[in-house]
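Student: Below are the sequence and a predicted model; questions follow.
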Amino acid sequence: MAKRNQIVKNKKILQSSYIPDNLPHRKDKIDEVVEILAPALNKDKPSNILIIGKTGTGKTAVMNYIGKELKKADEEGVNCSFIYVNCEVVDTPYGILYNISNQIITDISKKIPFTGWSLDKILNEMSVYIEKEDKIFIIVLDEIDRSIQKNGEDIFYYLTSINEVLQKSKISIIGITNNAKFTEFLNPKIRSRLGEEKIIFPPYKVDQLKDILSERAEFAFDKGVLEDDVIPYCAALSAQEMGDARRALDLLRISADIAERNGDNKVTCAHVRSAKNKIELDAVSEVIKTLTVQSKTVLMSIILNSEENLDHMTTGEVYTKYKFICEVIGQSVLSQRRVASLISELDMLGIIHARVKSFGKLGRTKEIELNTPKEIVNMIKSDDIFIDLINYKPPKQTTIF
Ligand SMILES: Nc1ncnc2c1ncn2[C@@H]1O[C@H](COP(=O)(O)OP(=O)(O)O)[C@@H](O)[C@H]1O
Ligand SMILES: [Mg+2]
């Protein structure tokens, strides 16, 4: 077997979990946050902050960077502590309190158990330990809208009111969210407490993405491995898609991966194009995995019709095929109206293409087209639920002669 070309010198640097020492184009945001948090170094309580920005705008990276800086500035940890919880990973109120408390409680025998306590009990215990420490706790709750979506806002009510029972210590909460709208649904009291200060992270522009990628690339690749137009191309593609630095890094990392696997010794724009396809395909496959059996059946109907040379089909034609498939695989049949709404859903997910067409007096119908990559079509066709369909043989016509 041919030896795999080593294109990336240091893979870790291209991972999205890596925090670089320098965050280009975020100095202003870092300064804004630091200015608000600086009183903590003198044991004064900083305002709570809500950080809002689309995915990949550097929110998590900036907060972790500031966490490291705070630790350096308060070396002995006597005036403040920095605690980070990702609410996408830990998303129950118990999990969040457990996680925060156990970062504060250092004595292993005193740690909060993984399950079994009431929230009130954890809160009390946590307050005791926080008070004992006699300092400011900066608690970062990343992706906080995830937790609120799932569990409601009680946890934030608890956390933001904890200061009322504390004398010597105080906590400040920094909430981070991708969803600018989520605060609209909060109880006004919690909204105003959480959002004492608000900082918006705008999407990166194409030149900013170029700088971010170039800095990472400098440490990740040897000179000359990337063709000159690779970074501008990755940056341009990601700027079109919301200025997401994570997406830009993913593109660069996957492009290099593809080049390595092909045994090529340079990364080119052709690799970037393959990487883009791969990322898109992975995203669609993730969506396909979440479809219900009925939606998959509707999609399968469209696939079969288009394989039978119906490039454009009406809802009625999809429905006829759908009923046939339901019969073969032994599944209940939904109404045509319901199937029409499943078709609209597939359209919204970008898996098929449907447009409304008017046929004059005959009324309006949808014209449906399959624009699904063949990898996805194959994925659907090999789904276990269609096994009887794939093996289906039409009954032989009996003839008289
Ligand atoms: N200004 C920047 N400089 C260098 N890397 C950055 C910068 N902003 C974001 N990144 C990188 O992009 C990726 C996504 O950033 P992240 O902070 O996770 O975004 P968010 O939390 O806003 O979704 C991470 O790998 C991060 O290190
Ligand atoms: Mg983040």
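Tutor: Sure, I can see it. Ligands and ions are numbered 1, 2, ... in the order given.
Student: my read: Val78 touches Lys71, true?
Tutor: No: in this structure Val78 lies outside contact range of Lys71 using Cβ atoms under 8 Å: 11.8 Å. (C-beta placed from N, C-alpha, C; glycine too.)
Student: In three-state terms, label Ile138 for me.
Tutor: At Ile138 the chain is in strand, as set by DSSP: H, G, I helix; E, B strand; the rest coil.
Student: Pull the contacting residues for it.
Tutor: Counting by Cβ atoms under 8 Å, 6 or more residues apart in numbering, Ile138 touches 37, 40, 46, 67, 70, 80-83, 171-172, 174.
Student: Please apply the same query to Lys321.
Tutor: Counting by Cβ under 8 Å, 6+ apart, Lys321 has contacts 301-302, 304-305.
Student: Which residue lies closest in space to it, excluding its sequence neighbours?
Tutor: In space, and not counting its chain neighbours, Lys321 is closest to Ser301: 4.0 Å by Cβ to Cβ, 6 or more residues apart in numbering.
Student: quick check, nearest of the contacts of Lys321 to ligand 1?
Tutor: Nearest to ligand 1 among those: Ile302, at 34.6 Å, using Cβ to the nearest ligand atom.
Student: Quick one: low-confidence residue ranges for the protein.
Tutor: Applying pLDDT under 70 to the chain flags the ranges 1-5, 359-362, 397-401.
Student: Name the residue of it that lies nearest to ligand 1.
Tutor: At 2.9 Å from ligand 1, Gly58 is the closest residue in the chain, using Cβ to the nearest ligand atom.
Student: Now that residue. Nearest residue, chain neighbours left out?
Tutor: Using Cβ to Cβ, 6+ apart, the closest residue to Gly58 is Arg26 (5.1 Å).
Student: Kindly provide the distance from that neighbour to Ala245.
Tutor: 10 Å (Cβ to Cβ, to the nearest Å).
Student: if you count what's nearby, which of the two comes out ahead?
Tutor: The neighbour comparison of Arg26 against Ala245 (other Cβ atoms under 10 Å) goes to Ala245, with 26 against 22.
Student: give me the number of residues near the nearest residue to that one once chain neighbours are set aside?
Tutor: The shortest distance from Ala245 to any non-neighbouring residue, by Cβ to Cβ, 6+ apart, is to Gly56 (4.8 Å). If you count neighbours by other Cβ under 10 Å, Gly56 ends up with 25.
Student: Three-state assignment for Gly56, please.
Tutor: For Gly56, the secondary structure call by three-state DSSP comes out as coil.
Student: Next, the contact list for it, please.
Tutor: Gly56 makes contact with 204, 238, 242-248, according to Cβ under 8 Å, 6+ apart.
Student: Quick check on those: which are buried?
Tutor: With burial judged by 16 or more other Cβ atoms under 10 Å, the buried subset of the contacts of Gly56 is 204, 238, 243-245, 247-248.
Student: Go ahead and confirm the residue nearest to Lys321 touches Tyr322.
Tutor: Yes: Ser301 is in contact with Tyr322 according to Cβ under 8 Å; the separation is 4.2 Å.
Student: wait, what's in contact with the residue nearest to Thr297 when sequence neighbours are not counted?
Tutor: Of all residues not flanking Thr297 in the chain, Ile325 sits nearest, at 5.5 Å (Cβ to Cβ, 6+ apart). Contacts for Ile325 were tallied using Cβ under 8 Å, 6+ apart; they are 297, 300-301, 304, 331, 386, 389.
Student: what's the distance between the most centrally placed residue in the chain and Arg253?
Tutor: By Cα atoms, centre = their mean, the chain has its centre lying nearest to Thr55, at 7.2 Å. Plainly put, Thr55 is 17 Å away from Arg253 if you go by Cβ to Cβ.
Student: With Glu75 instead?
Tutor: In terms of Cβ to Cβ, Glu75 sits 35 Å off from Arg253.
Student: Ile52 now?
Tutor: Distance from Ile52 to Arg253, counting by Cβ to Cβ: 27 Å.
Student: isn't there a strand covering Pro394?
Tutor: No: assessed with three-state DSSP, Pro394 is coil; it does not lie in a strand.
Student: thinking again about what came up before, can you tell me the helix or strand for the residue nearest to Thr297?
Tutor: According to DSSP states H and E, Ile325 maps onto helix 315-329.
Student: Would you mind listing the outside residues contacting the helix or strand following that helix?
Tutor: Remark: after helix 315-329, the chain's next helix or strand is helix 336-348, criterion DSSP H and E. Residues outside helix 336-348 that contact it (Cβ under 8 Å, 6+ apart): 294-295, 298-299, 302, 315-316, 318-319, 322, 334, 352-354, 366, 368.
Student: re earlier: list the contacts of the residue of the chain closest to ligand 1.
Tutor: By Cβ under 8 Å, 6+ apart, Gly58 lies in contact with 23, 26, 29, 201, 204, 245.
Student: neighbours around the third one, how many?
Tutor: Which is Lys29. Taking other Cβ under 10 Å as the criterion, the count of residues near Lys29 is 22.
Student: who touches the closest residue to it other than its chain neighbours in this structure?
Tutor: Leaving aside its chain neighbours, Lys29 sits nearest to Val62 (5.7 Å; criterion: Cβ to Cβ, 6+ apart). Taking Cβ under 8 Å, 6+ apart, we find Val62 in contact with 23, 26, 29-30, 33, 201.
Student: List just the nearest of those to Phe114.
Tutor: Using Cβ to Cβ, Val33 is the member of those that sits closest to Phe114, with 32.4 Å.
Student: Test my guess that the closest one contacts Gly67.
Tutor: No: contact criterion Cβ under 8 Å: Val33 and Gly67 do not qualify, at 10.5 Å.
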